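In: model the following, please.
(one chain, ligands or ions: 1)
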Amino acid sequence: MIRVTIFNENIHETRQPEVRAIYPEGMHGCIKKFLEKQDGLEIRTATFEEPEHGLTQEVLDNTDVLIYWSHWMQDEFSDVVAERIHQAVLKGMGLIALHSAHFSKTMKLLMGTSMTLRWRHGDRERLFITSPSHPISAGLPEFFELPIEEMYGEFFDIPKPDDVVFTGWFAGGEVFRSGCTFQRGRGKIFYFQPGHEQYPIYHDENIQKVITNAVYWCAPVRKLQTNPECTEVKAPLEG
Ligand code: ZN
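Out: This is a model prediction of the structure:
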């Protein structure tokens, strides 16, 4: 059983009727719905306005993969909770950071770079698989399109990814490393660019397939129960 927690701010959906019209149950509700069709997943959700943003130590201790969407409240997000997620990833929790979550405190802590990029609303995107052997690309066409999405363009100031699973091209001419994997400590991280709140991105079947694949890929292999420590080796392995 993979224990999945979906964190979504749920602020755009509650304050902007046009976003609520696309996601009546919030983006987290939409993501939960398509993940529930899969076997072997136990899914819960968390939102910004819950105490500790719904991401208490107990919740993270019982999460194998955290899906994370944030935008409006990045500055207001608790430093303590951001650091708690950082530590959970080092211990082995998987993290799927969606769209504007690139600029969350958590991703900045994990990546160590400015995470800046270029952006523009309302463009057509074509996503190409650029790592066809990667499990996150399984079952997807060589490329697929989103009729309307927010353009995110290079230069994207991230550390060198382990794999660039998807590269996005925008009708306005920009390109972007749209799906990147990283490992930090024992945790696997997948950053995925599509998901601007004003467009129905998480209703798209290909996007749903990517996120589903990413949940299985990010699930921990060998998770620590306590924080990693330096261990004194009192006796050598060989005499
Ligand atoms: Zn956006």
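
In: what does this protein put close to the ion?
Out: 100, 150, 196 (CB under 5 Å from the ion). The way it works is simple: take the backbone N, C-alpha and C, and place the C-beta from them, glycine included.

In: chain neighbours aside, what residue packs nearest to the first one?
Out: With CB to CB, 6 or more residues apart in numbering as the criterion, Ser100 has its nearest non-adjacent residue at 4.0 Å, and that residue is His71.

In: got a list of what that neighbour touches?
Out: 9, 11-12, 99-101, 197 (CB atoms under 8 Å, 6 or more residues apart in numbering).

In: repeat that for Pro220.
Out: Pro220 neighbours (CB under 8 Å, 6+ apart): 64, 92-94, 186-188.

In: strands - which of these land there?
Out: Secondary structure assignment by DSSP state E places 94, 187-188 of the contacts of Pro220 in strands.

In: tell me where this protein has strands.
Out: So, for the chain - with DSSP E - the strands run 2-8, 41-47, 65-69, 94-98, 118-129, 143-153, 163-170, 175-184, 187-192.

In: can you put those in CSV and add distance to Ile22?
Out: CSV is the format used below for the strands of the chain (distance: least, CB to CB, whole Å):
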stretch, distance to Ile22
strand 2-8, 13
strand 41-47, 17
strand 65-69, 13
strand 94-98, 15
strand 118-129, 15
strand 143-153, 12
strand 163-170, 21
strand 175-184, 21
strand 187-192, 18
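
In: would you list those in JSON lines and tack on mean neighbour count and mean pLDDT?
Out: Formatted as JSON lines, the strands of the chain follow (neighbours: other CB atoms under 10 Å; pLDDT from 0 to 100):
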{"stretch": "strand 2-8", "mean neighbour count": "24", "mean pLDDT": "98"}
{"stretch": "strand 41-47", "mean neighbour count": "18", "mean pLDDT": "98"}
{"stretch": "strand 65-69", "mean neighbour count": "26", "mean pLDDT": "98"}
{"stretch": "strand 94-98", "mean neighbour count": "26", "mean pLDDT": "99"}
{"stretch": "strand 118-129", "mean neighbour count": "17", "mean pLDDT": "98"}
{"stretch": "strand 143-153", "mean neighbour count": "19", "mean pLDDT": "98"}
{"stretch": "strand 163-170", "mean neighbour count": "22", "mean pLDDT": "98"}
{"stretch": "strand 175-184", "mean neighbour count": "20", "mean pLDDT": "98"}
{"stretch": "strand 187-192", "mean neighbour count": "25", "mean pLDDT": "99"}
